[in-house]
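Enquirer: Predicted structure and sequence below. I'll ask about it afterward.
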Amino acid sequence: MRYVRDNGSSSRHDIAQGCGLGISTMTDLISELRSRRLVKELDPIRRPAAGRPTRPIALDGEPWCALGIHIDVDQVRFSAVTVGGREVWSASIPVDLRSSAAEGPGIIRDILVREMAQLPPDKELLAVEVGVTGYVTRDTGTVSWSARLGWQDYSLISLVNDVLAELDIRRIHVGIANDCHLAGLHAARVELPSTPHTVAAYLGGMRGLGSSVVIAGEIYRGAHGGAGDFGHANVDPSGPACWCGRHGCLESYVGLPRLLADGGLMSLADAEQQVDADPDRAVQLLADAAAGGDADVLRVLDRSAEILGRVLDDVIGLVNPHEVILGGYLGVLSPYLLAGIRQRTEVRTAVAVFSETEIVGLTEVVPRVVRGAALAARDACLNDPLGLTRPLG
């Protein structure tokens, strides 16, 4: 299933060779998957060499769906896709989770119950993946700390399972992930021309600076779920205070409120309020000022590029990625950052083993988290297709 996901419709021979399986085993597996409408045979095509026409195998998955959810402080987004990858339903529900951490779970629960009841009735749900701001403990579905939501050691997976039980949806995969982990997954897998073996490091976010590592199309979570936390790399321990409790983190220097304030567009307090209320508008203010030649803003962006370059130089050395991806507000501002970043990393990338690392910016703001969550939920179906489905009549 993953082979066809990554390579598109393929012959039995190519799938067997790519997966290290015998043709007879492949025939049995494909028959089983077809009985569950997870794969389908396409029209015969004749190969250049003489021989019988081959019927390529492609993903089907139309009876089944996977659901991605993004819980943010001001909205809850949903995206349901078939196992084949076609989006069949989406929604975005405004919400305010800033005021009371105690009331947040109840608000989220009510939204999940109401909205998940709207899933297409002709699709059976197999997997749910929820993206949330904060640190998520690997394998337990616990939000160990979310400063923005005010949660500590909160079992979000239990809330989701309770909602599913109330809706009489049982025995499905449920996953909880950091929002920027999922955004990086979407950026690396969908937005850039990557191969199944690509290693990518992602930095993005709108209200805050998050980051992740994606290896061979999978999120690298580390031992307990906190891998890829480059946004809090320690630039200078005597630097500005960061919301995480340390001083001199990367975010404390290049976070969106800091850029607005240091660029002279507003006070730091006003910038924090602006970013919290409308981060899209906040980054557009910076981009417009830079495009208009504002000397103070351009100076701040040059300084930020140098600081980002220092951190990314270390990231390239530690991770040795094919791609370093700037998304979120850094992606929007990347036309003013990339030259300085590349200049700062040019000594390392002059070495052969690092020379092919590409540093790219995604200037378009898209809902990467919910789309990445849908990808991760769909991946869960592809990883356990026979365990999560049943033969259909």
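Expert: Noted; the coordinates are in hand.

Enquirer: okay, CA-based contacts and neighbour counts for the rest of this
Expert: Will do.

Enquirer: quick one: contacts for Leu259?
Expert: Neighbour list for Leu259: 253, 286, 297, 300-301 [criterion: CA atoms under 8 Å, 6 or more residues apart in numbering].

Enquirer: ok, longest helix in the protein?
Expert: In the chain, assigned by DSSP state H, the helix with the most residues is helix 295-319.

Enquirer: That one - contacts with which helices or strands?
Expert: Contact partners of helix 295-319 among helices and strands, from 3 or more CA pairs under 8 Å, 6 or more residues apart in numbering; DSSP states H and E: helix 250-254, helix 256-262, helix 279-291, helix 338-349.

Enquirer: switch to 6 Å and redo it
Expert: Contacts defined by 3 or more CA pairs under 6 Å, 6 or more residues apart in numbering; DSSP states H and E place helix 295-319 against helix 338-349.

Enquirer: what's the helix it packs on in contact with?
Expert: 305-306, 309, 313, 355 (CA atoms under 6 Å, 6 or more residues apart in numbering).

Enquirer: Over to stretch 191-211?
Expert: Stretch 191-211 has contacts (CA under 6 Å, 6+ apart) with 180, 184, 212-216, 228-231, 251, 275, 279, 321-329.

Enquirer: Now list the buried members of the residues you listed.
Expert: 180, 184, 212-215, 228-231, 251, 275, 279, 321-329 (16 or more other CA atoms under 10 Å).

Enquirer: Helices - which of those residues land there?
Expert: Among the buried ones among the contacts of stretch 191-211, the members found in helices (DSSP H) are 180, 184, 251, 275, 279, 328-329.

Enquirer: Taking these together, which two end up most distant?
Expert: Pairwise distances across those peak at 21.2 Å for Gly184 and Val275 (criterion: CA to CA).

Enquirer: Mind jotting down where the strands sit in the stretch 1-150 of the chain?
Expert: 39-41, 57-59, 64-71, 75-82, 87-94, 124-132, 135-137, 142-146 (DSSP state E, counting those that start in this stretch).

Enquirer: Take the fourth one, keep the C-alpha atoms, and write them as PDB.
Expert: So the one you mean is strand 75-82. C-alpha atoms of strand 75-82 as PDB (Å, rounded to 0.1, in the frame of the first residue of the first chain):
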ATOM      1  CA  GLN A  75     -10.600  27.400  15.300                       C
ATOM      2  CA  VAL A  76     -10.900  23.700  14.900                       C
ATOM      3  CA  ARG A  77     -10.300  22.400  11.300                       C
ATOM      4  CA  PHE A  78     -11.400  19.100   9.900                       C
ATOM      5  CA  SER A  79     -10.300  17.300   6.700                       C
ATOM      6  CA  ALA A  80     -11.600  13.800   5.800                       C
ATOM      7  CA  VAL A  81     -10.000  11.900   2.900                       C
ATOM      8  CA  THR A  82     -10.500   8.500   1.400                       C
END
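
Enquirer: For that strand, which outside residues touch it?
Expert: The contact list for strand 75-82, computed with CA under 6 Å, 6+ apart, reads 61-62, 64-70, 87-95.

Enquirer: what's the average pLDDT for it?
Expert: Strand 75-82 shows a mean pLDDT of 98.

Enquirer: and if you look at the longest one?
Expert: Across strand 124-132, the average pLDDT comes to 98.

Enquirer: strands paired with that strand, and their directions?
Expert: strand 64-71 (parallel), strand 173-178 (parallel) (DSSP bridges).

Enquirer: coming back round to it: now the buried members of the contacts of Leu259.
Expert: Using 16+ other CA under 10 Å as the burial test, the contacts of Leu259 include 253, 286, 297, 300-301 as buried.

Enquirer: Closest to Gly387 out of those?
Expert: Tyr253 (47.2 Å).

Enquirer: Contacts only, for Ile93.
Expert: 75-76.

Enquirer: Rebuild the ones in helices among the buried ones among the contacts of stretch 191-211 as JSON lines, extending it with pLDDT and distance to Ile45.
Expert: Output for these, formatted as JSON lines (pLDDT from 0 to 100; distance: CA to CA, whole Å):
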{"residue": "Cys180", "pLDDT": "98", "distance to Ile45": "42"}
{"residue": "Gly184", "pLDDT": "98", "distance to Ile45": "37"}
{"residue": "Glu251", "pLDDT": "97", "distance to Ile45": "54"}
{"residue": "Val275", "pLDDT": "97", "distance to Ile45": "54"}
{"residue": "Pro279", "pLDDT": "97", "distance to Ile45": "51"}
{"residue": "Gly328", "pLDDT": "98", "distance to Ile45": "43"}
{"residue": "Tyr329", "pLDDT": "98", "distance to Ile45": "46"}
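
Enquirer: where are the low-confidence patches of the stretch 201-350 of the chain?
Expert: Along the stretch 201-350 of the chain, no part satisfies pLDDT under 70.

Enquirer: what's the most distant pair in the contacts of Leu259?
Expert: Maximum pairwise distance among the contacts of Leu259 (CA to CA): 15.3 Å, between Tyr253 and Leu286.

Enquirer: I'd like the domain boundaries of the protein, if you could list them.
Expert: 2-59, 64-181+369-388, 195-364 (automatic domain parsing).

Enquirer: mind checking which of those is nearest Arg189?
Expert: When the domains of the chain are compared by CA to CA, domain 195-364 sits nearest Arg189, at 6.2 Å.

Enquirer: So for the closest one, first residue to last residue, what's the gap.
Expert: Terminal residues of domain 195-364 lie 22 Å apart, using CA to CA, to the nearest Å.
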